[in-house]
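Q: below are the sequence and a predicted model; questions follow.
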Amino acid sequence: MKVSKEQVRENRVRVVETASALFRQRGYDGVGVAELMSAAGLTHGGFYKHFGSKEDLLAEAMTCGFVQSAEKTEGVSRDAFIAYYLSRQHRDDMGKGCVMSALGTDAARQSESIRETFAAGIERQIAVLESENVTREELLTTIAQLVGALMLSRACPESSGLADEILEVSRARLLSPDSSKD
């Protein structure tokens, strides 16, 4: 049965979006090609008709996630961005959350091209947030603090209370009037 070019395009988009969520949720090594294709509603054999390798898919999936994040934060104030980023909702929904906090350590262990894709995603997020009267240095510092706090919170058992404390303390500190002077 012949598949139309439009259907091929739609299938590819579905695979990339599915991979973006699964990679953020379980990490690059935590998702196999067969499982990923099944989650996208396609057969394992079709993977290599769309992608040269799993790494190629990772690059597209990261870009997809960064685009989704940029779209969600377009026009959002710094304070609203910080409040959401350091919320339990964001922490607990890794599949729809920030690529930087979910895949930063995975990207660091990948090829130069994957790290370049990751860096381009960071630049995209900075460009979205630069519309406010904030310097690049302040944005980089804020993003680093946000990502670090979220990663630490996710790494702690919820029952310890430390996971929430990290979010609360970091959020309060970043939203305090003096935070831009640090």
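A: Thanks, I have the structure now. Numbering: from 1, shown residues only.
Q: ok, the spatially most central residue of the chain - contacts?
A: Residue closest to the mean C-alpha point of the chain, counted by CA atoms, centre = their mean, is residue 99 at 1.3 Å. Listed by CB atoms under 8 Å, 6 or more residues apart in numbering, the contact partners of residue 99 are 20, 24, 62, 65-66, 69, 118, 121. All C-beta atoms are positioned from the backbone trio N, CA, C, and that covers glycine.
Q: how much space separates the spatially closest residue to it that is not a sequence neighbour from residue 111?
A: Leaving aside its chain neighbours, residue 99 sits nearest to residue 65 (3.9 Å; criterion: CB to CB, 6 or more residues apart in numbering). Residue 65 sits 18 Å away from residue 111, taking CB to CB, to the nearest Å as the criterion.
Q: ok, now residue 4?
A: Here residue 4 is placed at a distance of 33 Å from residue 111 (CB to CB).
Q: could you point out which residue ranges in this structure have low pLDDT?
A: 1, 131-132, 179-182 (pLDDT under 70).
Q: need the helices for it, in chain order.
A: For the chain, applying DSSP state H gives helices covering 5-26, 33-39, 47-50, 54-73, 78-85, 88-92, 99-108, 112-129, 136-155, 162-175.
Q: so which residues make contact with stretch 160-179?
A: Contact partners of stretch 160-179, identified using CB under 8 Å, 6+ apart, comprise 79, 82-83, 86-88, 91, 142, 145-146, 149-150, 152-154, 156-158.
Q: if we go by neighbour counts, what in that stretch is buried?
A: For stretch 160-179, burial by neighbour count (16 or more other CB atoms under 10 Å) applies to 163, 166-167, 170-171, 174, 179.
Q: measure stretch 36-51 end to end?
A: Terminal residues of stretch 36-51 are spaced 13 Å apart (CA to CA, to the nearest Å).
Q: you'd agree residue 62 is up against residue 115?
A: No: Residue 62 is not in contact with residue 115 according to CB atoms under 8 Å; the separation is 10.3 Å.
Q: more neighbours: which of these two?
A: Taking neighbours as other CB atoms under 10 Å, residue 62 and residue 115 compare with residue 62 leading, 28 against 13.
Q: please report how far the more buried one lies from residue 169.
A: 29 Å.
Q: same check, this time on residue 9
A: Separation of residue 9 from residue 169 (CB to CB): 46 Å.
Q: next one: residue 5
A: According to CB to CB, residue 5 and residue 169 sit 52 Å apart.
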